[in-house]
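[1] I would like the atomic coordinates for the input below:
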Amino acid sequence: MPSQAMQDLISALRDGQKASAGQAPPTLEQRRATFAPAGSPHPVPDDVLVSEVTAGGVPAHWLAAPGTDAGRVLLFLHGGGFALGSLRSDGELAARLGRAAGMRVLLIEYRLAPEHPFPAAIDDVLAAWRWLRAEQDLDAGSLAVAGDSAGGGLATALLVALRDAGEPLPAAAVLMSPTVDLTSSGASMTERVDQDPFSTPAMLRGFAADYLAGADPETPLASPLFASLAGLPPLLIQAGTADLLLSDSERLAAAASRAGVDVTLEIGEGLPHAYPIMLGTPEAAEATEQTGKFLRARVR
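    Alright, predicted model coming up:
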């Protein structure tokens, strides 16, 4: 059962859903300016050094908590349905994971749909990765990738693209409620409608349609659930049962395991989509600790 802090947060999210029902929908610009998957935005802690950088042509931010190793880097990919998200929405989570893992973080501002549909986002992710390797002279074994929601899907797509290109892969990946099936065919898309405090099937299908812009939804780099997963590095997948996209995590873990990948799947009963972002809850703290241990054990 979720903690009281998590229950309070879920109740607040549901109240927000009810309050917005029947109102004129906000513009895309308004949604981007106010997007806060944790209910309210949490700033990056004051002791984390934030610096802007251009990573292979992609706007990005270095996040360095005290004591982190600059030679070990976590590439962080934010969520937001491929249309929303930024340092504002995900910077605190990215910095928290970097602190737990003792790693410096590169959070990139990949191009967003609908202005920049597939494959713009994954192209930006690949460009940033290759910049880390070539321009920052970092060994793949000293790198990891993490992402929540759409960012988790992009992280998985990055692994597939690197493997297919014959390039070295990161040491590990952390996927928080990853969006890996843009066909919306998972059973949870119908079974979890009454439990999800964030999303509706129409919302998720809208995000997918805007991102795909007519591309085949089973294209592996758009929906990596349909890719071969053999040869990928160890994966930590965290998801909750109160999530329309729960089946994405379950099916990805099963497919990766069948392909011989080292997979750890953690499913939190009653927890919502991308629950590690929920700062101030015991569940988010536990997920952060788990991520830190997972990455410290695998990233050189």
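
[2] which ones are touching residue 226?
    181, 218-220 (Cβ atoms under 8 Å, 6 or more residues apart in numbering). To be clear about C-beta, it is placed using only N, CA and C from the backbone, and glycine gets the same treatment.

[3] separation between it and residue 248?
    12 Å (Cβ to Cβ, to the nearest Å).

[4] what about residue 108, how many residues nearby?
    27 (other Cβ atoms under 10 Å).

[5] show me what contacts the residue nearest to it when sequence neighbours are not counted?
    Leaving aside its sequence neighbours, residue 108 sits nearest to residue 60 (Cβ to Cβ, 6 or more residues apart in numbering; 4.3 Å). Residue 60 makes contact with 52-54, 106-109, 128, according to Cβ under 8 Å, 6+ apart.

[6] so after the helix or strand residue 60 falls within, what's the next helix or strand?
    Assigned by DSSP states H and E, residue 60 belongs to strand 58-64. Per DSSP H and E, the first helix or strand lying C-terminal to strand 58-64 is strand 69-77.

[7] in that next one, what counts as buried?
    Using 16 or more other Cβ atoms under 10 Å as the test for burial, strand 69-77 gives 72-77.

[8] next one: stretch 240-258
    By neighbour count with 16+ other Cβ under 10 Å, stretch 240-258 contains the buried residues 240-253, 255-256.

[9] closest one of the residues you listed to residue 83?
    Nearest to residue 83 among the buried residues of stretch 240-258 is residue 245, at 15.5 Å by Cβ to Cβ.

[10] what about stretch 14-27, how long is it end to end?
    Distance across stretch 14-27, first residue to last, is 21 Å (Cα to Cα, to the nearest Å).

[11] residues touching the residue nearest to residue 85 when sequence neighbours are not counted, list them.
    The shortest distance from residue 85 to any non-neighbouring residue, by Cβ to Cβ, 6+ apart, is to residue 78 (4.0 Å). Contacts here follow Cβ under 8 Å, 6+ apart; on that basis residue 78 touches 85-87, 89-90, 94, 107, 147-148, 150-151.

[12] of those, which pair is most distant in space?
    Farthest pair in those, by Cβ to Cβ: 87 and 150, 15.5 Å.

[13] of those two, who's got more company?
    Neighbours per residue, other Cβ under 10 Å: of residue 87 and residue 150, the larger number sits with residue 150, 30 against 22.

[14] that one contacts residue 82, correct?
    Yes. Residue 150 is within contact range of residue 82, at 4.7 Å (criterion: Cβ atoms under 8 Å).

[15] so what's in contact with those two at the same time?
    Common contacts of residue 150 and residue 82, defined by Cβ under 8 Å, 6+ apart, comprise 121, 207, 211.

[16] same for whichever strand or helix holds the last one, what does it pack against?
    Put plainly, it is residue 211. Taking DSSP H and E as the criterion, residue 211 maps to helix 201-212. Under the contact definition 3 or more Cβ pairs under 8 Å, 6 or more residues apart in numbering; DSSP states H and E, helix 201-212 sits against helix 188-191.

[17] returning to that earlier point: for residue 17, see how far away the residue nearest to residue 108 is.
    32 Å.

[18] CA atoms of stretch 68-84 as CSV?
    The C-alpha trace of stretch 68-84 is given here as CSV (Å, rounded to 0.1, in the frame of the first residue of the first chain):
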residue,chain,number,x,y,z
THR,A,68,30.4,13.3,-7.5
ASP,A,69,33.0,11.9,-9.9
ALA,A,70,33.3,14.0,-13.0
GLY,A,71,34.7,11.1,-14.9
ARG,A,72,31.5,9.0,-14.4
VAL,A,73,28.5,10.5,-16.2
LEU,A,74,24.8,9.7,-16.1
LEU,A,75,23.0,10.9,-19.3
PHE,A,76,19.5,11.8,-18.2
LEU,A,77,16.5,12.0,-20.5
HIS,A,78,13.4,13.7,-19.2
GLY,A,79,9.8,12.6,-19.6
GLY,A,80,6.8,14.5,-20.9
GLY,A,81,5.2,12.6,-23.7
PHE,A,82,8.0,13.7,-26.2
ALA,A,83,6.2,17.1,-26.1
LEU,A,84,6.8,18.5,-22.6
